[in-house]
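Quick one: sequence and predicted model below, then my questions.
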Amino acid sequence: MSQPADTFSLELFPPQTPEGAEKLREARARLALLGPDFFSVTFGAGGSTRDRTLDTVLEIQSEGHVAAPHLSCIGSTRESIRKILDQYRAHGIHRIVALRGDLPSGMARPGTFRYANELVEFIRAETGAWFHIEVAAYPEYHPQAKSPLDDLLALKRKLDAGANSAITQYFYNFDAYDHFVGECQAMGIRVPIVPGIMPISSFSSLARFSDNCGAEIPRWIRKRLESYGDDSTSIRAFGLDVVTALCEKLLASGAPGLHFYTLNQVALISTLWLRLGLHQRAAGTTAVHGDGATGDGSRPA
């Protein structure tokens, strides 16, 4: 299955409670009006959200949208992965995001699969061309990589194993993505590498996420965010300008779409979507409103 050009997608995480499930349904209904190409749904460390991921994916599909479950191999066995793949195939799921994942706290051994390329290879061996397989890429390099070259080779192994395309970790430095794509092309990698986009709603949360995953917050952005203190309105307004400008530059440079990390929130994603004019891709979305956004996608004053 080939990846269409200019793919725009939204990532969700499965809820932990019935109340959370209802809130996610409401958020998803509003996000669906934006017309994303697919919703991806995360998979907890060691498969800790396996059933909730499946439930969320099936709800999305029943609503008439394309769902792409995440599948991590750490802590999994061939039999457990085979069972999950069989479930997804039985329900007509054709897209999957294959990841190594994190080792859960207290788990001493990673399981049958050590790396994502081994998972991709297994999926292909079990299911042939049934799934469009997305994998992760790291423009600022994976924090556990021994060197930039090792990280690039890790991505190439995943693609050589049968992955169709890649979604990146979020970043705020356009040059990091541009340089990374150039390095990939020099290695003969030709698949779409879709930028992952993280809206900015809270400096403390962003700093914590970034420290954990190795994503850099450029000094000028960090200093501006720090200067706002607890002024959440200013943080969100500045963050929207920063991320909008980044997305515009990425699309102008030929990036094959955008993948938004929604954190199950609507307002910032809707505003970004409208600012970028992406609402024009789906009929009947001009009435969708985000934070201060207008139906024609213009920026708030």
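That came through fine. Residues are numbered from 1 along each chain as shown.

Buried residues in the helix or strand hosting Asp51, which are they?
For Asp51, the host element (DSSP states H and E) is helix 50-62. When neighbours are counted by 16 or more other C-beta atoms under 10 Å, the buried residues of helix 50-62 are found to be 50, 52-54, 56-61. C-beta: built from backbone N, CA, C; applies to glycine.

Stretch 166-176 too?
For stretch 166-176, burial by neighbour count (16+ other C-beta under 10 Å) applies to 166-174, 176.

got these as JSON lines, with secondary structure and pLDDT columns?
Written out in JSON lines, the entries for the buried residues of stretch 166-176 read as follows (DSSP: H, G, I helix; E, B strand; the rest coil; pLDDT from 0 to 100):
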{"residue": "Ala166", "secondary structure": "strand", "pLDDT": "98"}
{"residue": "Ile167", "secondary structure": "strand", "pLDDT": "98"}
{"residue": "Thr168", "secondary structure": "strand", "pLDDT": "98"}
{"residue": "Gln169", "secondary structure": "strand", "pLDDT": "96"}
{"residue": "Tyr170", "secondary structure": "strand", "pLDDT": "97"}
{"residue": "Phe171", "secondary structure": "coil", "pLDDT": "97"}
{"residue": "Tyr172", "secondary structure": "coil", "pLDDT": "98"}
{"residue": "Asn173", "secondary structure": "coil", "pLDDT": "97"}
{"residue": "Phe174", "secondary structure": "helix", "pLDDT": "98"}
{"residue": "Ala176", "secondary structure": "helix", "pLDDT": "97"}
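
what's the most distant pair in those?
Looking at these by C-beta to C-beta, the two members farthest from one another are Ala166 and Tyr172, with 18.7 Å of separation.

Show me where the stretch 151-300 of the chain has its strands.
With DSSP state E, counting those that start in this stretch as the criterion, the stretch 151-300 of the chain has strands at 165-170, 193-197, 257-261.

mind showing which ranges of the stretch 151-300 of the chain have poor pLDDT?
For the stretch 151-300 of the chain, the stretches with pLDDT under 70 are 281-300.

Give me the distance from stretch 213-221 to the chain's centre.
Relative to the centre of its chain, stretch 213-221 is centred 18 Å away, using C-alpha atoms, centre = their mean, to the nearest Å.

buried ones in that stretch?
Of the residues in stretch 213-221, those with enough neighbours to count as buried (16+ other C-beta under 10 Å) are 215, 217, 221.

I figured Ile96 hits Ile133, correct?
Yes. With contact defined as C-beta atoms under 8 Å, Ile96 counts as touching Ile133 (5.7 Å).

if I look at those two, which residues touch both of them?
Shared contacts of Ile96 and Ile133, defined by C-beta atoms under 8 Å, 6 or more residues apart in numbering, are found at Ile123.

Relative to Val243, which of the strands of the stretch 151-300 of the chain is closest?
Closest approach to Val243 among the strands of the stretch 151-300 of the chain is made by strand 193-197 (6.4 Å; C-beta to C-beta).

Give me the angle between that closest one and strand 165-170.
Counting by axes from the mean of the first three to the mean of the last three C-alpha atoms, to 10 degrees, strand 193-197 points 30 degrees away from the direction of strand 165-170.

what lines up beside strand 193-197 in the sheet?
Strand 193-197 has the following sheet partners, assigned by DSSP bridges: strand 165-170 (parallel), strand 257-261 (parallel).

Looking at Val97 now. What's its pLDDT?
Confidence per residue is given as pLDDT, and for Val97 that number is 97.

Against Cys73, how distant is it?
Distance from Val97 to Cys73, counting by C-beta to C-beta, to the nearest Å: 12 Å.

before we move on, what about Ile189?
According to C-beta to C-beta, Ile189 stands 22 Å off from Cys73.

okay if I get the strands paired with strand 193-197 as a markdown table plus distance to Arg89?
Below are these laid out as a markdown table (distance: least, C-beta to C-beta, whole Å):
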| stretch | distance to Arg89 |
| --- | --- |
| strand 165-170 | 20 |
| strand 257-261 | 24 |
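
With respect to Gly239, which of those lies nearest?
strand 165-170 (12.2 Å).

how far is that closest one from where the chain is centred?
Going by C-alpha atoms, centre = their mean, the spacing between the C-alpha centre of strand 165-170 and its chain's C-alpha centre is 7 Å.

now stretch 60-73
Relative to its parent chain, stretch 60-73 has a centroid offset of 13 Å by C-alpha atoms, centre = their mean.

repeat for stretch 158-171
Its chain's C-alpha centre lies 11 Å from the corresponding centre of stretch 158-171 when counted by C-alpha atoms, centre = their mean.

again with stretch 229-243
Stretch 229-243 sits 22 Å away from the centroid of its parent chain (C-alpha atoms, centre = their mean).
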